Structures are given as structure tokens and as C-alpha cells.
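Colleague: Quick one: sequence plus predicted model below, questions after.
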Amino acid sequence: MPETARGYVHDTITLGWEERIKARGRRRTDGGVEFGTTLPRGTVLQDGDCFVFDEHRLRVAVVARREPVFVIKPATPAEWGLFAYQIGNSHQPLMFTEHEIVCPAVPGLEPVLSYHRIPYAPGLRAFTPVAQGPGHEHRL
């Protein structure tokens, strides 16, 4: 952050993971200030990132919203691969920590986890998916 911005008015913007992966759009800070973003494609806003608006002497810090998630703790390297494959095969985003696989608690995923006998626990935390690779299509 530029040194001059340290004296600016401070605001926050609390965003869920789906809002933090959108490069373009209108946004509203927690204090009610509206602004637009046009970020480089593939940008994922992280907790603590800042927008600086010199003309308004305003700095806005990103706060990653805590959201319902499923937390999976694989015990072996094989489980890491198998669990990530099964969840990814369901077209669900994933987050990896040192000891866990985390995925959003979206409708329909719980039966998938149960069907594949993937042990999980519900949780509430900021979710940031791994960076998305190039898109793909299914063709016949």
C-alpha cells in the first residue's frame, strides 16, 4: 500500500468466495461506498487485499466472509488424491490447507461425500478456492 494511503479513511468490504473470484462488477463497502472493479482475469481477492482510491482519500480492505464448508482430513496420500478427484469430478471448487481439503457446503455435495465414504465435518470459515485453470468443455 502506498505510504500516503495510510492516512486515508479506512473502510472494509466483506465478500464471500464467489464474489472474490469475480474480476468485474459493482461493489459496495461495508460503509456504503459504491465502486466498480475491472481486475485482471483470474484474480482472486484475498483477505487483507486493499483497494486505494486517492481521489476520495479512501482505502478499502477486503474481508473474506466466513461461510459454511465441509472439512475433510485425508489420512494418506492416496486419500488426498481420491477425495480431491471425487469432489472435483462433481465440479465443486476446493481449497487445500496443510492438513485438510475444504469445499463449500453447497446443496447436493453432502450425498456425494457420503456415497464415496469421504469423512467430513461441517465448518464455518473463509473459503478461497485453488486458482482455476483453463476452462474445458465436454464434446461428443
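Modeller: Thanks, I have the structure now. Numbers count the residues shown, from 1 in each chain.
Colleague: contact partners of the longest helix along the chain?
Modeller: Longest helix of the chain, by residue count under DSSP state H: helix 77-89. Helix 77-89 is contacted from outside by 72, 74, 94, 96, 101, 103, 109, 112-113, 116, 118, using C-beta atoms under 8 Å, 6 or more residues apart in numbering. Yep, even glycine has a C-beta here, placed from its N, CA and C like the rest.
Colleague: how does the chain divide up, domain by domain?
Modeller: Using automatic domain parsing, the domain ranges for the chain come out as 3-64, 66-126.
Colleague: Present these as a markdown table; the columns should include mean pLDDT and mean neighbour count.
Modeller: A markdown table is the format used below for the domains of the chain (pLDDT from 0 to 100; neighbours: other C-beta atoms under 10 Å):
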| stretch | mean pLDDT | mean neighbour count |
| --- | --- | --- |
| domain 3-64 | 93 | 14 |
| domain 66-126 | 95 | 14 |
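Colleague: what sits against Q46?
Modeller: Per C-beta under 8 Å, 6+ apart, neighbours of Q46: 20, 62, 64, 128.
Colleague: let's see it at 10 Å
Modeller: Contacts for Q46 (C-beta atoms under 10 Å, 6 or more residues apart in numbering) come out as 20, 62, 64, 126, 128.
Colleague: could I get the residues you listed as TSV with secondary structure and distance to D30?
Modeller: What follows is the contacts of Q46, written out as TSV (DSSP: H, G, I helix; E, B strand; the rest coil; distance: C-beta to C-beta, whole Å):
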residue	secondary structure	distance to D30
R20	helix	15
V62	strand	11
A64	strand	13
A126	strand	15
T128	coil	19
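Colleague: if I pick F96, what's in contact with it?
Modeller: Contacts of F96 by C-beta under 10 Å, 6+ apart are 80, 84, 102, 129-130.
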